[in-house]
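Visitor: return atomic coordinates for the entry below.
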Amino acid sequence: MPKIVDHEQRRRELAAAVWQVIAEQGVDEVSIRTVAAAAGWSTGALRHYFATRGELLAFACEQVIDQVTERIRTLPPPTDPVRAVRAILLETMPVDERRRTEASIAFSFLALGLGDPELARVQRRHFTSMYELCVQMIEGLAAYQALAPTTQDVPTLARRMHAVVDGLTVHALAGHLTADEMVAQLNAYLSELTGQDAV
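Guide: Model (predicted):
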């Protein structure tokens with residue numbers, strides 16, 4: 001009887017190999033050859049699933065978006081709205097090795113997406129999903145009457161939250177902030193936003 005191959009599982013294995021190469025060697029070292037080696041595959045077998053480096057990177061990044069989204073979805077129900085927002089935002093930020101790798105993959109698309117339409121599509125998905133998450137966070141805080149008095153509307157507050165989270169993430173990835181410093185800055189921002197202690 002022929003062996004049944006779970007193609008989706010094999011694609012996920014390759015995405016994990018991409019993450020491994022990025023974590024160990026950096027995004028510039030991602031190639032059909034290096035990912036095949038990390039996965040223990042031949043380059044020919046890998047090309048059966050992904051013909052180009054761009055396709056491989058795009059799939060790996062979309063896997064990151066889906067993985068973070070699922071983690072956020074399964075967080076415990078909030079008891080305190082400000083701390084709940086903090087916990088959700090920290091799932092998207094490089095506070096540990098796993099989330100640092102995820103953020104490295106996602107933000108590598110800033111430059112890579114400039115010259116590749118497929119990668120640009122993934123970059124747009126990343127930014128759009130993060131902005132929509134920030135809108136949900138602001139609307140949630142407003143529903144709980146947990147926002148400090150402000151004349152700013154929801155889209156403006158959400159754009160600012162998105163900019164703060166992405167800015168802190170980039171600074172941490174670049175080594176300008178430690179993970180602890182990044183979290184402290186997020187806490188300070190949330191305290192200003194809500195007038196409450198975020199910790």
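Visitor: tell me what the helix or strand bottoming out on mean pLDDT in the chain is packed against?
Guide: When each helix and strand of the chain is scored by mean pLDDT, DSSP states H and E, helix 97-112 comes last, with a mean of 82. If you count contacts as 3 or more Cβ pairs under 8 Å, 6 or more residues apart in numbering; DSSP states H and E, helix 97-112 packs onto helix 7-25, helix 53-73, helix 117-143, helix 154-173. For every residue, glycine as well, the C-beta is placed using N, CA and C.
Visitor: buried stuff in that helix?
Guide: Residues of helix 97-112 classed as buried by neighbour count (16 or more other Cβ atoms under 10 Å): 99-109, 112.
Visitor: what residues are up against Trp19?
Guide: 60, 64, 101-102, 105 (Cβ atoms under 8 Å, 6 or more residues apart in numbering).
Visitor: the least confident helix or strand of the chain relative to helix 154-173, how many degrees between them?
Guide: 110 degrees (axes from the mean of the first three to the mean of the last three Cα atoms, to 10 degrees).
Visitor: contacts for helix 97-112?
Guide: So helix 97-112 is in contact with 18-19, 22-23, 27, 54, 57, 60-61, 64-65, 67-68, 91-94, 119, 122-123, 126, 169-170, 172-173, going by Cβ under 8 Å, 6+ apart.
Visitor: roughly how far apart are the nearest residue in space to Ala172 that is not next to it in sequence and Arg159?
Guide: Ranked by Cβ to Cβ, 6 or more residues apart in numbering and with sequence neighbours excluded, the top spatial neighbour of Ala172 is Met182, at 4.4 Å. Using Cβ to Cβ, to the nearest Å, Met182 is found at 20 Å from Arg159.
Visitor: which one of the two has more residues nearby?
Guide: Met182 (22 against 15; other Cβ atoms under 10 Å).
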